[in-house]
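Visitor: sequence and predicted structure below; questions after.
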Amino acid sequence: MIKRKAIPMRSSVLLKQPLRRTLKELLDPDGLVDWRMFAHELELDDMIPKLEKQKHGSPTYELLNTWEATRSRNDAEDWLHLEQIFEKIGRKDAVTEILKAKSEMNYVELDCSKK
């Protein structure tokens, strides 16, 4: 019998589609600070050549999916980690969008908890 390491499961994804779309729009276009810098900060440099060759799909989506799969169970720490990455690479626009999405999620969670 092969023993397998248990992988912690999350009940939901942290980054909802509207935020993912916005980050894709900000990072997918080639530029000095684009998805490649994001990949580097996630320590996913080995994914860059594959993502550069990909003709369809979004490099940013791929990186966000990988990040989601490996993030901790602590949503507050995960939000902060993402904010710090984008701060470090000088993408205040992405930080602003993350803060906005986080604020909207907190409002929805608070609203739901009133019931």
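Guide: Received the coordinates, thanks.
Visitor: who touches Lys16 in this structure?
Guide: 101, 105 (C-beta atoms under 8 Å, 6 or more residues apart in numbering). C-beta here means a position set from N, CA and C on the backbone, and glycine is covered the same way.
Visitor: and the gap between it and Ser58?
Guide: 16 Å (C-beta to C-beta, to the nearest Å).
Visitor: likewise for Lys92?
Guide: In terms of C-beta to C-beta, Lys92 sits 21 Å off from Ser58.
Visitor: which of the two has more neighbours?
Guide: Neighbours around Lys92 and Ser58, counted as other C-beta atoms under 10 Å, are more numerous at Ser58. The numbers are 19 against 10.
Visitor: can you list the weak-confidence ranges in the chain?
Guide: Confidence mapping of the chain against pLDDT under 70 gives the ranges 1-11, 106-115.
Visitor: tell me where it has helices.
Guide: 17-27, 35-41, 48-53, 59-70, 75-88, 92-113 (DSSP state H).
Visitor: so which of those helices is the most packed in?
Guide: helix 35-41 (a mean of 20; mean count of other C-beta atoms under 10 Å).
Visitor: show me what it is packed up against.
Guide: Helices and strands touching helix 35-41, by 3 or more C-beta pairs under 8 Å, 6 or more residues apart in numbering; DSSP states H and E, are helix 48-53, helix 59-70, helix 75-88.
Visitor: columns distance to Asp34 on top of the ones you listed, output as a markdown table?
Guide: What follows is the helices and strands packed on helix 35-41, written out as a markdown table (distance: least, C-beta to C-beta, whole Å):
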| stretch | distance to Asp34 |
| --- | --- |
| helix 48-53 | 11 |
| helix 59-70 | 8 |
| helix 75-88 | 12 |
